[in-house]
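Trainee: Coordinates only, no sequence provided:
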């Protein structure tokens, strides 16, 4: 049995992992899929000091209070940024890192250095695409009824996570057992970025024929990839 912590990306919450979490639990694994501060059902907690680093501290605290050791961390999209910082903070509690179509920034890089967001709604505290872009682009790949289910749960993401440079002074100089799962029908993060992650971490490279939301479109195949250690 593995202790698996699933870290969601922007505009999401722990809800997005539900199909995958069910698969992993049915296979006998202990799975946590927390919602980060200011996201989804925690969007009422939005404030100006939420950053990638504060999100990472939340997960690091979760690992401590749950007393999880040898944890398999799985990050998707901007959750990869959070996961890298978590690993840096509590390396002694981490067994493996899985970047599932995820971002992995260098110290000082910003999301905008890797991904261009063409249609954005910004408030003082949050950022994200307008609803018509969510319907016609973000979740376009998904089939009903999961598509409508996901659209109904979309929320804006804490703005500093989308705009601030990340702080990762030690992560890239540390040794990790890592996998990169590239979804070959997804545009972002680009393959060049994910190849960089794999090369710098000497990570196992896996591909899935699906878009940016494999946890919703192909949860069984994603579970296989997460659990693969060969």
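Mentor: Received the coordinates, thanks. Keep in mind the model is a prediction, meaning the values are calculated, not measured.
Trainee: Check which element follows the host helix or strand of residue 57 along the chain.
Mentor: Element membership for residue 57 (DSSP states H and E) is helix 52-65. Counting by DSSP H and E, the next helix or strand C-terminal to helix 52-65 is strand 71-77.
Trainee: which neighbours does that next one have in its sheet, and in what orientation?
Mentor: When pairing is defined by DSSP bridges, strand 71-77 lines up against strand 3-7 (parallel), strand 94-102 (parallel).
Trainee: what mean pLDDT does the helix holding residue 57 have?
Mentor: Regarding helix 52-65, the rounded mean pLDDT is 98.
Trainee: Give me the contact list for it.
Mentor: The contact list for helix 52-65 (CB atoms under 8 Å, 6 or more residues apart in numbering) reads 5, 7, 32, 34, 36-37, 68, 71, 73, 78, 81-86, 88-90, 93, 158, 160-161, 164, 166-167. Glycine gets a C-beta too; all of them are placed from N, C-alpha and C.
Trainee: Next, format the strands paired with strand 71-77 as a markdown table and append mean neighbour count and mean pLDDT.
Mentor: Formatted as a markdown table, these follow (neighbours: other CB atoms under 10 Å; pLDDT from 0 to 100):
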| stretch | mean neighbour count | mean pLDDT |
| --- | --- | --- |
| strand 3-7 | 25 | 98 |
| strand 94-102 | 25 | 98 |
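Trainee: Which one of the ones you listed lies nearest to residue 151?
Mentor: strand 94-102 (19.1 Å; CB to CB).
Trainee: ok and the closest one relative to helix 52-65, angle-wise?
Mentor: Interaxial angle of strand 94-102 relative to helix 52-65 (axes from the mean of the first three to the mean of the last three CA atoms, to 10 degrees): 140 degrees.
Trainee: hmm, who's touching strand 94-102?
Mentor: In contact with strand 94-102 (CB under 8 Å, 6+ apart) are residues 2, 9, 70-81, 83-84, 86-87, 176-183, 186, 189, 194, 197, 201, 203, 212, 214-215, 222, 225-226, 229.
Trainee: same question, stretch 126-142
Mentor: Outside of stretch 126-142, the residues within contact range by CB under 8 Å, 6+ apart are 10-11, 38, 43, 46, 117, 119-121, 147, 150-151, 154-159, 162-163, 185, 210-213, 216-217.
Trainee: before we move on, what about stretch 107-114?
Mentor: Stretch 107-114 has contacts (CB under 8 Å, 6+ apart) with 78, 81, 103, 105, 161-169, 171-172, 188-190, 193.
Trainee: Please spell out the PyMOL selection for the buried subset of those.
Mentor: The following PyMOL line selects those of the contacts of stretch 107-114 that are buried, judged by 16 or more other CB atoms under 10 Å:
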select buried, resi 78+81+103+105+161+162+165+166+168+171+172+189+193
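Trainee: show me where the chain has strands.
Mentor: Ranges of strands in the chain, per DSSP state E, are 3-7, 30-32, 71-77, 94-102, 121-122, 126-128, 157-158, 178-183, 204-208.
Trainee: okay, the ones you listed in a markdown table with distance to residue 139 next?
Mentor: Supplementary listing: the strands of the chain in a markdown table, determined by distance: least, CB to CB, whole Å:
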| stretch | distance to residue 139 |
| --- | --- |
| strand 3-7 | 19 |
| strand 30-32 | 23 |
| strand 71-77 | 13 |
| strand 94-102 | 14 |
| strand 121-122 | 16 |
| strand 126-128 | 13 |
| strand 157-158 | 15 |
| strand 178-183 | 14 |
| strand 204-208 | 17 |
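Trainee: Quick check: the gap between the closest residue in space to residue 117 that isn't next to it in sequence and residue 229.
Mentor: Distance criterion CB to CB, 6 or more residues apart in numbering; nearest residue to residue 117, sequence neighbours excluded, is residue 129 at 7.2 Å. Going from residue 129 to residue 229 by CB to CB, to the nearest Å gives 36 Å.
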